[in-house]
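Trainee: here is my input, please return the structure:
(chains A and B)
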Amino acid sequence: ETGVTQTPRHLVMGMTNKKSLKCEQHLGHNAMYWYKQSAKKPLELMFVYNFKEQTENNSVPSRFSPECPNSSHLFLHLHTLQPEDSALYLCASSPDRVQETQYFGPGTRLLVL
Amino acid sequence: GQQVMQIPQYQHVQEGEDFTTYCNSSTTLSNIQWYKQRPGGHPVFLIQLVKSGEVKKQKRLTFQFGEAKKNSSLHITATQTTDVGTYFCAEYPNSGNTPLVFGKGTRLSVIA
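Mentor: This next block holds a predicted model:
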């Protein structure tokens, strides 16, 4: 299953660090998503991009900043995170934004110290 | 906001027993999808149901969509240890123009 890849797979960062998560999809899809998965809130949608345009922002704090330079790549820039931001961050893609199956990447396991 | 209720949250079964998870929505759905996430893995699409009363089977898995398109179930017959994981339903509300909304999932443990 290499349709959607994510790097890094694991990340440990301090609260003052700046890091970026990368997602790449090789499926020719037009929509890409960031999800946060934690024990408290499984599969919490964060951002949606369709044809490189952000169409959803689910009240995500500004310390998370998405970037979609083209329809194959999606980034999540992280800065001044809190320990409660520790979670699995999943990227997904779909052919279009609605009414379609989503294909998930393996995720980045993030620990904020 | 839109929310799909999924029960139970956890289920422990003996290998060979059956298992069912249910999803209920307060609104009519255009379709419903089911995903499975193995421990340490990521969600993987299983199936999509579109028609009222639809029933689909994949080997030991049976998926149903309610007549009113407000509920769905996944039934596994004679569970095996390979069935371990979390099963999520996900819905597109009938309003049509919103992204997929996931239920909280049912975590299945199978005791050999």
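
Trainee: in chain B, which residue is most central in space?
Mentor: residue B:89 (4.0 Å; CA atoms, centre = their mean).

Trainee: what bridges to it?
Mentor: residue B:34 (DSSP bridges).

Trainee: list the residues that contact it.
Mentor: Counting by CB atoms under 8 Å, 6 or more residues apart in numbering or on different chains, residue B:89 makes contact with B:4, B:6, B:21, B:23, B:32-35, B:72, B:74, B:102-103. Using the backbone N, CA and C atoms, a C-beta is placed for each residue, glycine as well.

Trainee: looking at those, which is nearest residue B:48?
Mentor: Among those, residue B:33 lies closest to residue B:48 (CB to CB), at 4.8 Å.

Trainee: that closest one is in contact with residue A:101, isn't it?
Mentor: Yes: with contacts counted by CB atoms under 8 Å, residue B:33 reaches residue A:101, the gap being 6.6 Å.

Trainee: give me the more crowded residue out of the two.
Mentor: residue B:33 (23 against 16; other CB atoms under 10 Å in any protein chain shown).

Trainee: thinking again about what came up before, what is in contact with residue B:33 and residue A:101 at once?
Mentor: B:45, B:48.

Trainee: sec struct for residue B:42, please.
Mentor: coil (DSSP: H, G, I helix; E, B strand; the rest coil).

Trainee: please name the nearest non-neighbouring residue to it.
Mentor: residue A:104 (4.3 Å; CB to CB, 6 or more residues apart in numbering or on different chains).

Trainee: and that neighbour, how close does it get to residue B:109?
Mentor: Applying CB to CB, to the nearest Å, the value for residue A:104 to residue B:109 is 22 Å.
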